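**Student:** What shape does this take:
(one chain, ligands or ions: 1)
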Amino acid sequence: TEKVTFYEAVGGEETFRRLVHRFYQGVAEDPDLRALYPEEDLGPAEERLRLFLIQYWGGPNTYSRQRGHPRLRMRHVPFVIGEAERDAWLRHMRVAVDELELPPELEQMLWNYFTMAANSLVNAPT
Ligand code: HEM
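**Tutor:** Down below sits the predicted model:
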């Protein structure tokens, strides 16, 4: 018997594709948060977050083959992330998570991770 990864349990690549696409729709419509993203096209950022999350939750390691070790805290240093930015990021992610309509236990695991990760990336005083 093989251990089912969280990645598989929530529906694999398709689920992460929907999640991250919906998240970036929210970012695109939020001028304050959008201003943090340096590129005119959010497509590449969307792909990086999708591949990272797929890898984190036990799917293919394409992210690290393309980008190397995640080092998320270091990669966010160029962006001023205070409580307001963290809250905006989590607000859009909450909408995206809700729309997946996952079983409550899986949804809770995903959400706990996002709140923990977002808190760990705050790098500026409010
Ligand atoms: C990249 C903002 C939280 C994962 C970025 C970028 C910005 C940003 C502006 C650059 C876009 C790009 O070109 O890729 C924020 C803000 C956050 C936040 C304001 C609020 C706390 C998170 C969290 C995660 C995450 C919680 C993971 C769960 C990533 C990844 C990248 C990225 C994987 C691409 C890294 C790379 O390979 O270059 N983020 N982020 N971020 N962020 Fe965040």
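**Student:** can you list contacts of the helix or strand hosting Glu107?
**Tutor:** According to DSSP states H and E, Glu107 maps onto helix 104-120. Helix 104-120 is contacted from outside by 6, 9-10, 56, 72-73, 86, 89-90, 93-94, 97, 100, 102, using CB atoms under 8 Å, 6 or more residues apart in numbering. Quick note: C-beta positions are derived from backbone N, CA and C, even for glycine.
**Student:** touching the ligand at all, it?
**Tutor:** Yes - shown here: helix 104-120 in contact with the ligand (CB under 6 Å from any ligand atom) through 114, 117-118.
**Student:** show me what contacts the residue nearest to Arg34 when sequence neighbours are not counted?
**Tutor:** Once flanking residues are discounted, Arg34 sits nearest to Val27: 5.8 Å by CB to CB, 6 or more residues apart in numbering. Going by CB under 8 Å, 6+ apart, Val27 touches 33-34, 37, 42, 92.
**Student:** can you list the residues you listed in JSON lines and add pLDDT?
**Tutor:** Below are these laid out as JSON lines (pLDDT from 0 to 100):
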{"residue": "Leu33", "pLDDT": "97"}
{"residue": "Arg34", "pLDDT": "98"}
{"residue": "Tyr37", "pLDDT": "97"}
{"residue": "Leu42", "pLDDT": "98"}
{"residue": "His92", "pLDDT": "98"}
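**Student:** Now flag whichever of those residues is closest to the ligand.
**Tutor:** Distance to the ligand across the contacts of Val27 (CB to the nearest ligand atom) is lowest for Tyr37, with 4.6 Å.
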